[in-house]
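Asker: prediction below, plus the sequence it came from.
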Amino acid sequence: MAAEGTIPRAMLIIRALAGSEGDLSIQELAESLGLPTSTVHRILQMLRAEGMAEHDLSSRRYRPGPELLRVAAMLGARHTLDEGSLVHLQEIVAASNENAQFGVLLRADLSMMFTQQVQSSHSLRFNAQLFEPKSLLWGCSGRVIAAYLSEDEIRAIVAEAGHSPVTGAAPPALADFERALAGIRERGWDTTRGEKLAESVGFAAPVFSAKGIVGSISMTIPAHRFAEGSRDEFVRLVTTAAAAFGHELGAPSPAVAG
C-alpha cells in the first residue's frame, strides 16, 4: 500500500534516490514506489527547491541533490571519517599548537567540506566553517583532493569555479591548474597562502581509502605567526597524519596514492 501524506511520500522518494546506483526517471520512481506520476513529479519539485533532489536536463532524470549529499555527509562523517580523523588532528595540534582540519570530498558536486577540526590554544586562530561546501580549486585543502580526480572532473572544477573568495582573482587556466595538480601528486602535499582565508598559511595532504581519494587533512596558521623554518615540520605533520588515517581506511600504502 502506497504511503499516505506528502512527508512519508517524500521520504520514500529520498530513499529511492539515495539507494539507486544511477539516476531515476519520474516513471521509474512512480512504478517502484506505487505512486501516481503526478505525485512523484510534484514532490520532486519540492525536493529540488530544497536542494534534496537534482534534475538532469539532458536525460530528464533525477539524482540526490547537493543538500541531501551535505546532510548525508554530515551524518556519515560523525560515525566514520569524522571520528576516525579526530585522533590524527589531535596529534597535529599537540605537536604544533595550530589548527588542524579534516575535509571530505563531495564527489557528486565536485566540492569538499570540513567535517572535523581541532583548535589550537592561541587566542588568534582561524575557525573552519564545518559542513559548508567549498570549491576544490581554492586552497590547499581542496587542491590536494582535486589532484587525484579524473581529467573530466578537473576540467569541470575549473569551468565551474568562481573567483577567489579572498583576492577576487579569476580561476587559473586549465593548463596551469593541471600543472599545479601534477606537482601535488609528485610531492604528496600542498601549501597555499591567503587563498581560502585571508592572512593565513595552509598545509594539506590527501587522504585515501581502499577505493581512492576521500578527503584531506590540513593545517591553518595565521600568516603573522608562520615561520618559514617550520615549513618542513608542518609538511611532515600533515603527510604523516594523512598516511596513517589512510592506512586505517584501507589505503594500500602512501606510495599508491601518488
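Answerer: Thanks, I have it.

Asker: in terms of helices and strands, where is Arg9?
Answerer: helix 6-19 (DSSP states H and E).

Asker: pLDDT on that helix, on average?
Answerer: Helix 6-19 comes out with an average pLDDT of 91.

Asker: next, the buried residues of that helix.
Answerer: Buried residues in helix 6-19, counted by 16 or more other C-beta atoms under 10 Å: 9-10, 12-14, 16-17. All C-beta spots, glycine's among them, are computed from the backbone N, C-alpha and C.

Asker: okay if I get these as JSON lines plus distance to Ile43?
Answerer: As requested, these are exported to JSON lines (distance: C-beta to C-beta, whole Å):
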{"residue": "Arg9", "distance to Ile43": "6"}
{"residue": "Ala10", "distance to Ile43": "5"}
{"residue": "Leu12", "distance to Ile43": "9"}
{"residue": "Ile13", "distance to Ile43": "6"}
{"residue": "Ile14", "distance to Ile43": "9"}
{"residue": "Ala16", "distance to Ile43": "11"}
{"residue": "Leu17", "distance to Ile43": "11"}
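
Asker: farthest-apart pair in the residues you listed, please.
Answerer: Arg9 and Leu17 (12.9 Å; C-beta to C-beta).

Asker: picking that back up, among the buried residues of helix 6-19, which one lies nearest to Phe131?
Answerer: Ile14 (18.6 Å).

Asker: just checking, what packs against the helix holding Arg9?
Answerer: helix 26-33, helix 37-49, strand 53-56, strand 61-64, helix 66-79 (3 or more C-beta pairs under 8 Å, 6 or more residues apart in numbering; DSSP states H and E).

Asker: return it as CSV; C-alpha atoms alone will do.
Answerer: In CSV, the C-alpha atoms belonging to helix 6-19 read as follows (Å, rounded to 0.1, in the frame of the first residue of the first chain):
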residue,chain,number,x,y,z
THR,A,6,3.4,14.4,1.5
ILE,A,7,6.2,13.8,4.1
PRO,A,8,6.0,10.0,4.0
ARG,A,9,6.0,10.0,0.2
ALA,A,10,8.9,12.5,0.1
MET,A,11,10.8,10.1,2.4
LEU,A,12,10.1,7.2,0.0
ILE,A,13,11.5,9.2,-2.9
ILE,A,14,14.6,10.4,-1.0
ARG,A,15,15.3,6.8,0.0
ALA,A,16,14.9,5.7,-3.6
LEU,A,17,17.2,8.4,-4.9
ALA,A,18,19.8,7.7,-2.3
GLY,A,19,19.7,3.9,-2.8
